[in-house]
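> Sharing a model that was predicted from the sequence below.
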Amino acid sequence: MRTKTVRLFALALVLALTAAACSSDDSSDTTTAPGDTDTTAAPSSGASEVEVFSWWTGGGEAAGLDAMIEIFAETDPDIAFINSAVAGGAGTNARAVLAARLQANDPPDSWQGHAGQELIGTYVAADQIEPLNFLYDQEGWLNVMPATLIPLISKDGNIYSVPVNIHRSNVLWANPTVLADAGLEIPKTLLQFFTAMDTLQAGGMEAPLAMGEQWTSLHLFETIMLASVGPDGWNGLWDGSGSWDSAEVTQGIEDFAKVLTYTNADASALSWQDAGQLVLDGSAAFNIMGDWAEGFFREVGAEPNTGYVWAATPGTDGNFQFLSDSFVLAKNAPNRDSAIAWLTVAGSNAGQDAFNPVKGSIPARSDADRTLYGEYLLSAMDDWASNTVVGSLTHGVVANDSWKSEIDTALGLFLLDKDVAAFQARLVAAQESSG
Ligand code: GAL
């Protein structure tokens, strides 16, 4: 009985999400509903096709994907590219649709998955994707992909995805005019951050920190927690050597609760792009968001230094909280050869150097042409090479889906009741049940 209810609920959710994806009014949206065909490259008669699934449908993201599709159209003009992206930041909608398709044995040929536990704990664990060692051998990718990334996409010696980028999650974006008018510098520590936001509030800016829908608050939470527990403490929360029951975690939750007091009341109604736009408009001073925000800022014509400035999230300087988007090969892919052709482009220098400058990420490959990248991304490349690297929770690196979803549920309750002790107790329980 319970199983049936859960199934019905899951079906209703998928239908609702699919409808939401189809009715997106984003003008830069390239979304197609599963089953629809949006052939970006025209198929010649008898030609093959490849269906690629992602959540890159708008604001900086679709443009990045389109740039890579263009390279694909040049290298494989006879393969029609079916773009099955489903709208919604961080894949919140897309991943539910994908899960339903995989459950129904109707996989896209290739889909976007995050390096780390999301990949290994979900698709590899469920035996839904093929190892790609043959492609790594053929393309010599082990010589150019970062050694830190390979273990996160491997299990038992098999490599399961092709990383296209490295994103940084712990970035504070700020409006330089708002800061200058208030006589403020971009804050480096949490204390400076709070003081700056107090000054801005005293000057009449009610919500100096722009925030969006719930996944963006999980994103905010992970960067504030990193500030409190530090990189070793953060790693310990995931590898079992540390406990969620510590005083540092309590401090991190208290800091997070304080940070929330500076955010906009309509956060749950805003996408991450909407929240970023508040900073560009000067309606807010700050936004904490991954560096896909820079792809969006540039797409809407904002310029680095004059339109926006950046720093590591306060208290996390010297740490690079990272995630990596990668593409997989479905087991029993309907168009396996075409999917391999797509993955070959996704892992290529040309593909990555077309995609990343637009997407707002640095290439996973180490042999990028630096002249193609703007000031922010060059600084990210340098930080990636020199900082202490830790993984993102919100974007699939450190926790498997069930653990992340328990944390997300606890966070949802905390956003309502702000009960620090109850939140911490739920985080401890989540580690015990899923960690
Ligand atoms: C992340 C993804 C990024 C970006 C972001 C916002 O999960 O890795 O590439 O798409 O979501 O949608």
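Good, I have the coordinates.
> OK, contacts around the residue of the stretch 151-300 of the chain found nearest the ligand?
The nearest approach of the stretch 151-300 of the chain to the ligand comes at Trp292, 4.3 Å away (CB to the nearest ligand atom). C-beta: built from backbone N, CA, C; applies to glycine. Going by CB atoms under 8 Å, 6 or more residues apart in numbering, Trp292 touches Gly60, Glu61, His167, Trp272, Lys359, Gly360, Ser361.
> so the second one touches Gly295, yeah?
Yes - because the distance of 6.8 Å satisfies CB atoms under 8 Å, Glu61 is recorded as touching Gly295.
> Find residues that contact each of those two.
Counting by CB under 8 Å, 6+ apart, the common neighbours of Glu61 and Gly295 are Lys359.
> Between these two, point out the one with more neighbours.
Glu61 (27 against 24; other CB atoms under 10 Å).
> Can you pull the phi and psi angles for the more buried one?
phi -80, psi -50 (degrees, to the nearest 10).
> any idea how far it lies from Gly315?
When CB to CB, to the nearest Å is applied, the distance between Glu61 and Gly315 equals 28 Å.
> for Val389, same thing?
Separation of Val389 from Gly315 (CB to CB): 17 Å.
> Find the closest residue to the ligand in the stretch 301-435 of the chain.
In the stretch 301-435 of the chain, the residue that lies nearest the ligand is His395 (4.1 Å; CB to the nearest ligand atom).
> Quick check: buried residues in stretch 298-312?
Within stretch 298-312, the residues that qualify as buried are Arg298, Glu299, Ala302, Pro304, Gly307, Tyr308, Val309, Trp310, Ala311, Ala312, counting by 16 or more other CB atoms under 10 Å.
> Could you pull up the contacting residues of the second one?
Read that as Glu299. Glu299 neighbours (CB under 8 Å, 6+ apart): Ser28, Gly59, Gly60, Ala63, Val358.
> Please read off the pLDDT at it from the model.
Reported pLDDT at Glu299 in the predicted model: 97.
> Ok, the one 5 residues further on next?
The score at Pro304 is 98. That number is its pLDDT.
> again, but for Asn175
For Asn175, pLDDT reads 99.
> again with Gly435
So, for Gly435, pLDDT stands at 84.
> how about the nearest residue to it, chain neighbours excluded?
Trp403 (5.8 Å; CB to CB, 6 or more residues apart in numbering).
> Next up, identify which helix or strand the one you found is on.
Assigning secondary structure by DSSP states H and E places Trp403 in helix 401-417.
> so the very next helix or strand once past that helix versus helix 401-417, what angle?
Next in sequence after helix 401-417, counting helices and strands by DSSP H and E, comes helix 420-434. Counting by axes from the mean of the first three to the mean of the last three CA atoms, to 10 degrees, helix 420-434 lies at 170 degrees to helix 401-417.
> okay, Val389 and Gly315: which has more neighbours?
Gly315 (22 against 18).
> Spit out the contact partners of the closest residue to Ser241 other than its chain neighbours.
Once flanking residues are discounted, Ser241 sits nearest to Asn235: 7.7 Å by CB to CB, 6+ apart. With contact taken as CB under 8 Å, 6+ apart, Asn235 is in contact with Ser241, Gly242, Val390.
> ok now stretch 71-82, how far from the chain's centre?
Relative to its chain's centre, stretch 71-82 lies at 26 Å (CA atoms, centre = their mean, to the nearest Å).
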